[in-house]
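[1] Based on what follows, work out the 3D shape:
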Amino acid sequence: MTNKIAIALGLLIVSLLVLNAVMGWEAHVFLGRKFIDLIEYLAFWR
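    Numbering: from 1, shown residues only. All right, here's what the predicted structure looks like:
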């Protein structure tokens, strides 16, 4: 991964988080719940 790609991805993530906060989409709650589901799924296969 080049520095340009890393900076672009970082800016994209930060801008989506800011847009989420401004618009009140609560996407962080959705992603947090999906992440917990993923952890539980992986713990099953452990």
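[2] From here on, just use CA atoms for contacts and neighbour counts.
    OK.
[3] Would you mind giving the secondary structure of W25?
    The three-state label given to W25 by DSSP: H, G, I helix; E, B strand; the rest coil is coil.
[4] How many residues are close by it?
    Using other Cα atoms under 10 Å, W25 is surrounded by 12 other residues.
[5] swap in L16?
    For L16, the count of nearby residues is 13 (other Cα under 10 Å).
[6] Return the per-residue confidence for the residue nearest in space to the middle of the chain.
    In the chain, the residue lying closest to the centroid (Cα atoms, centre = their mean) is L31, at 6.3 Å. Model confidence at L31, given as pLDDT, is 91.
[7] Keeping just the C-alphas, turn stretch 17-27 into CSV.
    Extracted C-alpha coordinates of stretch 17-27, given in CSV (Å, rounded to 0.1, in the frame of the first residue of the first chain):
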residue,chain,number,x,y,z
LEU,A,17,-17.4,9.3,10.6
VAL,A,18,-17.9,13.0,10.5
LEU,A,19,-20.8,12.7,8.1
ASN,A,20,-22.3,10.0,10.4
ALA,A,21,-22.1,12.3,13.4
VAL,A,22,-23.5,15.4,11.5
MET,A,23,-26.4,13.5,9.9
GLY,A,24,-27.2,11.4,12.9
TRP,A,25,-27.3,8.2,11.0
GLU,A,26,-26.1,6.1,14.0
ALA,A,27,-24.0,3.8,11.7
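[8] can you list contacts of it?
    Contacts of stretch 17-27 with the rest of the structure, by Cα atoms under 8 Å, 6 or more residues apart in numbering, involve H28.
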